[in-house]
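[1] Quick one: sequence and predicted model below, then my questions.
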Amino acid sequence: MSQPLLGHLAMLAFSALVAGSFSLGSLMANEIDPTAFTAVRFWLAAAFVGILAQMRGGLGKGSFTAPWRYFVLGGLFGIYFVLMFEGLKVAPPVSAAAVFTLVPLMAAGFAWVLLRQVLTPRMALALAIGGAGALWVVFRADLDALLRFDIGQGEAIYFIGCVAHAIYTPMVRRLNRGEAVVTFTFGTVLAGACLLTVYAWSDIFATSWTSLPLMVWVTLFYTAFFATAVTVVLLQFATLRLPSAKVMAYTYLTPSWVIIWEIGLGNGAPPTLILAGVALTVLALLLLLRDDSAKNTVPRQGTIRP
């Protein structure tokens, strides 16, 4: 199986696992401080990834050369997760997932700045279509709200987090010095855990952990293991095999996965007009991935191949 194909499969799993965070997160976002929650989540994720690294032979000699790299990546990822749960306090899961689909467009811009990866016209069109679909969902299929730019508070907060995520994606390729994916992931989540612990020290100790609802613990385990440890591994694995914009193209599947999660949790499907925006994000994904299997090669440095 080719390396690019493995990267695509990794991102398919990534989008499905990430979607669960929106639905589960919205159920417990108001039960605990998001920074304290994310700090504990990162410590658990670091433990999971550390165990995985040991099972695969350890972290490797010289794995933590230039540790500042991990603090940069861990800080960006920590900002993203904290603001995600802060936004989910008031934003509907499908709407928040639509904001997430704006990441590929932003990632393409940051990839040009950091890596000089250039978009083709077809990829630019696909990102524009996906962005239009995302905005249609974010503004709840209300044209008047769109024209007034009447965005919800939760969506606005989460958008800032998504900017951090968009910077994170090309930074992985920029800062990686040949470390294995698991090693690089461990350094990232460990550094993120340290930064968040320092920042949220008082909130962590002010939280009554023993009296938290069961849903908080379920979400904590899911997000620590599946939506942090596993997805960070998948994201970094794919980022080292695919261009940044194409990696993040899979975020266009997130609203569709969230709808499935919401139906599974008994929350029902969104209105039909909103589904039209979701359909545009899926169309954007198909445009971005067209002909990949036939070409079957990783683009040369500085070029994003359609």
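    Structure's in. What do you need?

[2] Residue ranges in the stretch 151-300 of the chain under the pLDDT threshold?
    244-245, 248, 290-300 (pLDDT under 70).

[3] can you rerun that using 50?
    For the stretch 151-300 of the chain, the stretches with pLDDT under 50 are 292-300.

[4] which residues in it form helices?
    153-175, 181-199, 201-206, 214-221, 231-239, 244-248, 254-264, 272-289, 292-295 (DSSP state H, counting those that start in this stretch).

[5] can you count the residues close to N30?
    Counted with other CB atoms under 10 Å, the neighbours of N30 add up to 11. (Glycine included, C-beta is placed from N, CA and C.)

[6] roughly how far is stretch 14-29 from the heart of the chain?
    Stretch 14-29 sits 11 Å away from the centroid of its parent chain (CA atoms, centre = their mean, to the nearest Å).

[7] what comes into contact with that stretch?
    Residues from elsewhere that reach stretch 14-29 (CB atoms under 8 Å, 6 or more residues apart in numbering): 84-86, 88-89, 91-94, 96-97, 100, 213, 215-216, 218-219, 222-223, 226-227, 230-231, 234-235, 238, 250-251, 253-254, 257-258, 260-262, 265, 267.

[8] returning to what we had before: I129 is nearest to which of the helices of the stretch 151-300 of the chain?
    helix 272-289 (4.6 Å; CB to CB).

[9] What residues sit buried inside the closest one?
    274-275, 277-278, 280-282, 284-285, 287-289 (16 or more other CB atoms under 10 Å).

[10] what's the answer for stretch 66-82, then?
    For stretch 66-82, by 16+ other CB under 10 Å, it's 69-82.

[11] Stretch 177-187: which residues count as buried?
    Within stretch 177-187, judged by 16+ other CB under 10 Å, the buried ones are 179-187.

[12] which among these gets closest to P121?
    Using CB to CB, these come closest to P121 at V181, 32.2 Å.

[13] these two touch, right, the closest one and T239?
    No - at 9.2 Å, V181 does not count as touching T239 under the criterion of CB atoms under 8 Å.

[14] looking at this, T65 is in a strand?
    No - under DSSP: H, G, I helix; E, B strand; the rest coil, T65 falls outside any strand and is assigned coil.

[15] Ramachandran angles for the nearest residue to it once chain neighbours are set aside?
    Nearest non-adjacent residue to T65, counting by CB to CB, 6 or more residues apart in numbering: R177, 6.8 Å away. Phi and psi for R177, reported as degrees, to the nearest 10, are phi -120, psi 40.

[16] ok, now V118?
    Per degrees, to the nearest 10, the backbone of V118 is at phi -110, psi 130.

[17] Which strand residues bridge it?
    V118 has these beta-bridge partners by DSSP bridges: T303.

[18] residues near it, how many?
    Neighbour tally, V118, other CB under 10 Å: 16.

[19] repeat for M11
    26.

[20] before we move on, what about A164?
    A164 has 19 neighbours, counted by other CB under 10 Å.

[21] Please report how far it lies from Y250.
    18 Å (CB to CB, to the nearest Å).

[22] In contact with the nearest residue to E31 once chain neighbours are set aside, which residues?
    Here the nearest residue to E31 in space, its sequence neighbours aside, is V216; by CB to CB, 6+ apart that works out to 5.2 Å. By CB under 8 Å, 6+ apart, the residues touching V216 are 28, 31-32, 37.

[23] which one among those gets closest to I157?
    F37 (15.2 Å).

[24] what's the burial count for the closest one?
    Other residues within reach of F37 by the criterion other CB under 10 Å amount to 28.

[25] Kindly confirm my reading that it is in a helix.
    Yes - the assignment for F37 (three-state DSSP) places it in a helix.

[26] Begin at 877, not 1, for the rest of this chat.
    Sure, I'll start counting at 877 from here, so that last one is F913.

[27] Report the contact partners of it.
    Applying CB under 8 Å, 6+ apart, the residues near F913 are 961, 1092, 1096.

[28] Quick check, the first one in contact with T914.
    Yes - between F961 and T914 a contact is recorded at 6.8 Å, counting by CB under 8 Å.
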